[in-house]
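Asker: compute the structure for the input listed below.
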Amino acid sequence: MKNQRTASDLTAGTTLQASDRKVAIITGGASGIGRALCKEAAARDMVVIVADIQVEGGEETVRQLREAGQGEAYFEKLDVTSAEAVEELVNRIFNTYGRLDYMFNNAGIAMYGELCDMSLDLWHKIMNVNLWGAIHGTHAAYPLMKRQGFGYIVNTSSATGLGPAPMSSAYATTKHAVVGMTTSLHYEAEVYGIHVSALCPAFVDTPIYATADAVGMDKNKINEQVNKQKSMSPEQFAKIAFAKIHRHEAVICPMPMRRTMDLFFLLFPAMHRKLMRLVCRISREASLRNQTGSQTAETTSIS
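Answerer: Presented below is the predicted three-dimensional model:
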């Protein structure tokens, strides 16, 4: 998009004063849940910084927000795997507006396949985006929010981060780690007036499944199984997320019957084991090894 203004063009003298609007940085804002969070923030009349490595999608998010006439939105190209880039953006936005109310560390990628097929390069790829991206954003925003005495840090994990996820071990590792960091900081930060939450979506209709790295798996078959699940829209999820963030919930997972299922599997662990083995069996039916007798990886970079 030509002549697209970014937050880089702003100075404290050319934008609203700190008391006028809340300010939100949302990484991964070019699509899916990130875009929906941007829309929800804009609908609440915030200054929204759409941060993503995907330029076209990020600028499209800003275009949609401006067409809706809500809030104030700017796009910033950002690689969340770079601590320096994240810190520079967060500090610049804070210095421009004199405040940072929300830091959404939402950028992420998906990956599935058997752990034995995962190369160390793939492990580094998913850890750098999903885990280190959240760490970088938290590390940059937390001291500024501590200084101002308020703020929300929201890290996107997954329902996968709340239990076993066979055939998605690398992805689950990153999401469990995000939940652990976030729920721990939830209690550390409250004395400073900072609220910290983990978003744990399950079956939300986003591009993350279609663009995931399929390691030794037939992506089409995996997506067929995913598409059989009833999914909520990203916009529905974003509305639920904001409501629960403002209730200061540590873990936000609007999965139907989740608490009932947790209790059921706690009381009947044999049923849980059967379900996990069923997941493995169904997933292995999509294994390329079974089709060709050799390991093949379908990978798509979506970071």
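
Asker: so in this protein, which helix runs the longest?
Answerer: As assigned by DSSP state H, the longest helix anywhere in the chain is helix 169-189.

Asker: each with direction, which strands does the very next helix or strand once past it pair with?
Answerer: Later in the chain than helix 169-189, the nearest helix or strand by DSSP states H and E is strand 194-199. Note on strand 194-199: by DSSP bridges, its sheet partners are strand 151-156 (parallel), strand 251-252 (parallel).

Asker: helices of the stretch 151-300 of the chain, start to end?
Answerer: Remark: helices assigned in the stretch 151-300 of the chain by DSSP state H, counting those that start in this stretch are 169-189, 219-227, 234-245, 258-267, 269-284, 288-292.

Asker: can I get these in JSON lines with mean pLDDT?
Answerer: Formatted as JSON lines, these follow (pLDDT from 0 to 100):
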{"stretch": "helix 169-189", "mean pLDDT": "97"}
{"stretch": "helix 219-227", "mean pLDDT": "72"}
{"stretch": "helix 234-245", "mean pLDDT": "97"}
{"stretch": "helix 258-267", "mean pLDDT": "65"}
{"stretch": "helix 269-284", "mean pLDDT": "72"}
{"stretch": "helix 288-292", "mean pLDDT": "60"}
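
Asker: where in the chain is pLDDT low?
Answerer: Scanning the chain for pLDDT under 70 picks out the ranges 1-19, 222, 226, 228, 230, 256-265, 272, 278, 282-283, 286-303.

Asker: give me that answer again for 50
Answerer: Within the chain, the stretches with pLDDT under 50 are 1-3, 11-17, 19, 293-303.

Asker: re the thing from before, helices or strands up against the longest helix of the chain?
Answerer: Under the contact definition 3 or more CB pairs under 8 Å, 6 or more residues apart in numbering; DSSP states H and E, helix 169-189 sits against strand 111-112, helix 120-126, helix 132-148, strand 151-156, strand 194-199, strand 251-252. Every residue, glycine included, has its C-beta placed from N, CA and C.

Asker: residues in contact with the closest residue to residue 103 other than its chain neighbours?
Answerer: Nearest residue to residue 103, sequence neighbours excluded (CB to CB, 6 or more residues apart in numbering): residue 141, at 3.8 Å. Taking CB atoms under 8 Å, 6 or more residues apart in numbering, we find residue 141 in contact with 25, 90, 100, 103, 151, 153.

Asker: now swap in residue 241 and tell me
Answerer: Under the criterion of CB under 8 Å, 6+ apart, the contact list for residue 241 reads 37, 40, 154, 199, 252.

Asker: what's the most distant pair in these?
Answerer: 40 and 252 (13.3 Å; CB to CB).

Asker: which of these two has more neighbours?
Answerer: residue 40 (24 against 21; other CB atoms under 10 Å).

Asker: my guess is the more buried one contacts residue 242. True?
Answerer: Yes - counting by CB atoms under 8 Å, residue 40 does reach residue 242; the two are 5.4 Å apart.

Asker: what touches both of those two?
Answerer: Between them, residue 40 and residue 242 share no contacting residue, judged by CB under 8 Å, 6+ apart.

Asker: the strands paired with strand 194-199: which one's closest to residue 218?
Answerer: Checking the strands paired with strand 194-199 against residue 218 by CB to CB gives strand 151-156 as the closest, at 27.1 Å.

Asker: and the closest one with helix 132-148, angle?
Answerer: Interaxial angle of strand 151-156 relative to helix 132-148 (axes from the mean of the first three to the mean of the last three CA atoms, to 10 degrees): 170 degrees.

Asker: for the residue nearest the centre of the chain, give me its contacts.
Answerer: Taking CA atoms, centre = their mean, the centroid of the chain lies closest to residue 106, which sits 2.8 Å from it. Contact partners of residue 106, counting by CB under 8 Å, 6+ apart, are 26-29, 33-34, 37, 154-156, 199.
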